[in-house]
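Visitor: below are the sequence and a predicted model for it; my questions follow.
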Amino acid sequence: MEAVNLLSSNKYTEKQIGYLFISVLVNSNSELIRLINNAIKNDLSSRNPTFMCLALHCIANVGSREMAEAFAGEIPRILVAGDTMDSVKQSAALCLLRLYKTCPDLVLMGEWTSRVVHLLNDQHMGVVTAAISLITCLSQKNPDEFKTCVSLAVSRLSRIVSSASTDLQDYTYYFVPAPWLSCKLLRLLQCYPPPEDGAVKGRLVECLETILNKAQEPPKSKKVQHSNAKNAILFEAIALIIHYDSEPNLLVRACNQLGQFLQHRETNLRYLALESMCTLASSEFSHEAVKTHIETVINALKTERDVSVRQRAADLLYAMCDRSNAKQIVAEMLSYLETADYSIREEMVLKVAILAEKYAVDYSWYVDTILNLIRIAGDYVSEEVWYRVIQIVINRDDVQGYAAKTVFEALQAPACHENMVKVGGYILGEFGNLIAGDPRSSPLVQFNLLHSKFHLCSVPTRALLLSAYIKFINLFPETKSTIQEVLRCDSQIRNSDVELQQRAVEYLKLSSIASTDVLATVLEEMPPFPERESSILAKLKKKKGPGAVSVNELEDAKREGGELNGGGERGGDTSAMAASNASTPSPSADLLGLRPGPAAVSVAPPSAGSLLVDVFSEGPAAPSTAVNDDGFLSSAPPPPAAVSEDPAPPLPEAEELLNKFVCKNNGVLFENQLLQIGIKSEYRQNLGRMYLFYGNKTSVQFVSFTTTVTCSVELQSQLNVQVKTVEPLVEGGAQVQQVVNIECLTDFIDAPLLNIKFRYGGALQNLTLKLPVTINKFFQPTEMLSQEFFQRWKQLSQPQQEAQKIFKAVHGIDAEVVKAKLLGLGTALLENVDPNPENYVCAGVIQTKAQQVGCLLRLEPNAQAQVSLNSVNVHVHTDTYTCTSAHTIHNSGLKIVRFLDSLVR
């Protein structure tokens with residue numbers, strides 16, 4: 001009570017003690033709270049700035065709901081009032097921020113919004129600094145209401161960046177003008193997409209260039225505070241450049257600047273540089289620039305003393321990997337694994353396995369890499385890894401003999417990891433006959449080698465070896481008596497483990513009573529696994545932490561895809577060879593997933609990771625609105641939804657967004673202040689799988705979240721689209737994933753429509769985009785020699801077999817960009833085919849279920865005439881081109897040419 005009485009005092013010291021006591025010791029449920037609120041109201045309505053600040057500090061310190069209810073309507077008025085002192089405005093802004101974080105439903109800006117935003121133009125830098133913290137928080141939850149802050153933030157940032165340290169003396173920190181305010185402004189701009197106004201965007205790009213230029217200047221002070229302030233602004237600027245991902249020049253410059261930090265003596269700078277470069281590696285504009293620093297990153301992996309920096313170096317190597325450097329990076333990561341910290345070994349193993357599979361051209365190299373992985377870090381090799389190598393060996397006839405020979409040699413090591421025994425038992429049980437001709441690996445030698453490991457293994461591995469033994473009886477009848485002796489011994493048929501005992505008894509009986517033909521039928525070689533995607537990547541994501549994959553991780557996906565011809569996951573046990581092929585599906589979904597589960601017909605398509613061909617296998621059609629067991633929907637009518645309004649028409653920029661994905665499979669399809677939609681997709685022959693990532697950029701839930709993919713009547717006969725349902729609730733800052741399976745039945749021009757509906761703050765959000773599924777996604781590159789190309793070219797001269805387009809290019813000639821676009825289109829770029837070295841020649845085959853349609857394309861630059869003939873796509877960034885024709889090897893290819901031609905227009 002005495003403290004409350006002190007609030008009524010006119011002496012500063014007494015009032016301060018009273019407020020301090022209340023802030024620390026008075027509970028929000030206290031009976032005195034009404035008296036306290038009255039005293040605070042009196043001070044807020046007084047004209048004494050000191051008393052007003054004390055009252056605002058008390059409100060912020062207590063920060064209870066009762067305080068918010070009492071003062072949330074009063075504080076905005078004080079904040080924007082023209083006669084309020086600057087010190088009071090600062091306190092009011094920070095007080096309002098605290099109340100908003102505590103009770104966002106009670107702090108309604110409403111009429112004050114525009115006036116709060118205009119505080120960014122305030123002459124007092126302290127007011128601007130306090131206000132921008134408030135505006136950033138409000139923008140995250142109500143981006144549309146505060147979007148006018150972008151131009152003001154750019155204007156203020158421009159004034160700070162272009163000013164000398166003497167211009168802002170009171171806010172200059174070690175020769176760096178207003179570093180805290182600069183960082184906050186850059187962070188606020190990351191809440192919004194790039195400015196649409198050309199002048200504002202140009203001014204912002206100028207600011208970012210100036211920040212990058214200043215980073216190159218010699219330091220004005222040797223004090224660490226100077227470099228810290230300077231680098232803080234630089235890293236926020238780079239984060240904004242990465243967020244926009246639309247300025248190639250800035251992205252490359254940012255990458256080069258970060259590259260200089262990789263060898264900096266300051267550990268924190270090296271860590272931050274590696275972390276930022278991981279994100280830059282996902283951008284199509286800066287990926288090549290990141291790759292130039294590969295030697296420095298490898299050196300960091302080997303020599304860094306800090307384990308967190310080494311881990312970031314490993315992450316960056318993984319992100320920058322592509323076909324051109326895969327073998328070097330995998331070799332370095334394997335070398336590092338031998339001395340790597342135990343805390344990161346499992347993650348390193350998963351990364352090596354993913355890279356080895358994704359970029360393997362030589363399957364023997366892939367087998368060697370995985371066996372080396374097991375030898376070096378066997379304890380950290382998960383089941384997904386060794387399952388996968390078995391699937392690939394079984395599916396590839398050309399590598400089976402090599403795998404059997406290699407694993408046989410690996411098993412001869414005195415200390416052999418149990419995972420190696422599992423792989424050896426499975427592969428020798430299937431393909432041991434391929435090396436049995438060599439006396440050094442005769443059937444009996446193979447059996448004795450496997451059996452020598454038997455007693456050192458766990459029960460599951462012993463069960464696998466028993467299944468391998470019964471396979472040996474079928475492959476090598478001469479080993480029958482030896483193996484039956486092993487099965488007959490008491491340690492097997494009377495084993496305390498029921499599984500081992502049952503196998504031993506059943507295998508012994510099978511080998512004794514079954515005829516040779518029956519035995520050969522029961523124990524025949526495993527058929528190829530249906531093509532599935534590997535779950536190793538899902539396991540890696542799980543290691544990185546809970547929650548959905550960010551769009552940045554999504555864009556981390558390698559551009560130059562191509563997965564090995566792997567198979568579906570069977571149990572890690574060769575009993576699958578002799579018995580059941582069924583297994584249980586995994587709930588997770590990913591681009592490299594390895595999904596167990598039987599093949600399914602279209603009535604019940606398999607889970608997100610299962611083989612595309614299973615999804616579209618022949619079978620009785622399900623009703624078009626049905627949801628199958630795995631949650632996939634047919635694309636025809638939309639499913640019932642909580643939000644019942646009709647889908648909105650496609651956005652005006654839908655066609656432009658679609659065209660951005662003609663030559664790439666991964667990236668951000670759409671982004672506004674509320675929602676970010678990322679795409680990651682892959683295609684094989686006439687099948688495709690697309691992963692859609694919906695990110696909630698606000699801190700408020702999206703409710704009644706529904707998505708629908710629809711096809712026109714004509715398109716339904718050309719594309720088979722199946723969509724997995726998404727959760728109806730998307731938490732603030734969270735992300736949900738949706739899987740779309742696609743089958744190309746015949747050639748098509750239109751794209752499916754993606755409609756997204758949800759409620760945000762009670763208001764319906766309804767937008768429609770074009771799903772980036774275009775006919776060139778089903779291109780299979782075709783290599784051919786010059787003579788063959790022009791021979792076919794001349795044969796295809798009918799009017800319905802060719803099309804040509806002359807157009808004027810909009811950008812300067814860049815041969816590398818042209819090649820990248822043509823390769824991104826999906827065709828093979830044929831070198832040294834055309835007599836004119838300036839021309840570009842491509843060939844490919846469109847894979848559809850109904851037919852295969854070949855295409856020959858020629859692109860001829862004509863810089864003098866500044867004209868182009870082009871039938872590829874409008875996004876070819878060159879000066880001028882001429883493409884004499886785009887021929888198709890099949891009459892129906894005319895539609896495909898029309899599609900390519902439409903992209904040019």
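Guide: Good, I have the coordinates.

Visitor: residues contacting H243?
Guide: Q190 (C-beta atoms under 8 Å, 6 or more residues apart in numbering). In this view, the C-beta of every residue, glycine as well, is placed from N, C-alpha and C.

Visitor: in whichever strand or helix holds it, what counts as buried?
Guide: Element membership of H243 [criterion: DSSP states H and E] is helix 224-244. Within helix 224-244, the residues that qualify as buried by neighbour count (16 or more other C-beta atoms under 10 Å) are 226-244.

Visitor: following element in sequence after it, please.
Guide: Following the chain from helix 224-244 toward its C-terminal end, the next helix or strand by DSSP H and E is helix 248-261.

Visitor: which secondary structure elements does that next one contact?
Guide: Helices and strands touching helix 248-261, as assessed by 3 or more C-beta pairs under 8 Å, 6 or more residues apart in numbering; DSSP states H and E, comprise helix 198-216, helix 224-244, helix 267-280, helix 287-291.

Visitor: and stretch 9-25, how far from the chain's centre?
Guide: 53 Å (C-alpha atoms, centre = their mean, to the nearest Å).

Visitor: average pLDDT across it?
Guide: Summarised as a single mean, pLDDT over stretch 9-25 is 85.

Visitor: looking at the chain, which helix or strand is least sure?
Guide: helix 612-615 (a mean of 30; mean pLDDT, DSSP states H and E).

Visitor: what separation is there between the spatially closest residue to E783 that is not a sequence neighbour and Q801?
Guide: On the basis of C-beta to C-beta, 6 or more residues apart in numbering, the spatially nearest residue to E783 that is not a chain neighbour turns out to be A828, at 5.4 Å. Summarising the geometry, the distance separating A828 from Q801, computed by C-beta to C-beta, to the nearest Å, is 20 Å.

Visitor: cool, A239 as well?
Guide: From A239 over to Q801 the distance is 51 Å, taken as C-beta to C-beta.

Visitor: any idea which element V739 lies in?
Guide: The secondary structure element spanning V739 is strand 735-744 (assigned by DSSP H and E).

Visitor: can you name the element that comes right after that strand?
Guide: On the C-terminal side of strand 735-744, the closest following helix or strand by DSSP H and E is strand 753-760.

Visitor: that following strand: partners in the sheet, and parallel or antiparallel?
Guide: Strand partners for strand 753-760, identified by DSSP bridges, are recorded as strand 703-710 (antiparallel), strand 763-770 (antiparallel).

Visitor: between that strand and strand 735-744, how big is the angle?
Guide: Computed by axes from the mean of the first three to the mean of the last three C-alpha atoms, to 10 degrees, the angle separating strand 753-760 from strand 735-744 equals 160 degrees.

Visitor: chain center to strand 753-760: distance?
Guide: Distance, stretch centre to chain centre, for strand 753-760: 22 Å (C-alpha atoms, centre = their mean).

Visitor: so for it, mean pLDDT?
Guide: Strand 753-760 shows a mean pLDDT of 90.

Visitor: CA atoms only for that strand - export them in CSV, please.
Guide: What follows is strand 753-760, C-alpha atoms only, in CSV (Å, rounded to 0.1, in the frame of the first residue of the first chain):
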residue,chain,number,x,y,z
LEU,A,753,-4.8,-25.1,-61.7
LEU,A,754,-3.8,-25.0,-58.1
ASN,A,755,-6.3,-23.2,-55.8
ILE,A,756,-5.4,-22.4,-52.2
LYS,A,757,-8.1,-21.2,-49.7
PHE,A,758,-7.7,-20.5,-46.0
ARG,A,759,-8.9,-18.0,-43.4
TYR,A,760,-6.4,-15.6,-41.9
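
Visitor: buried residues in stretch 651-660?
Guide: By neighbour count, and taking 16+ other C-beta under 10 Å as the criterion, the buried residues in stretch 651-660 are A654, L657, L658, N659.

Visitor: picking up where we left off before, state the distance from the residue nearest to E783 to E838.
Guide: The span separating A828 from E838 equals 19 Å under the rule C-beta to C-beta.

Visitor: nice, that's everything, thank you.
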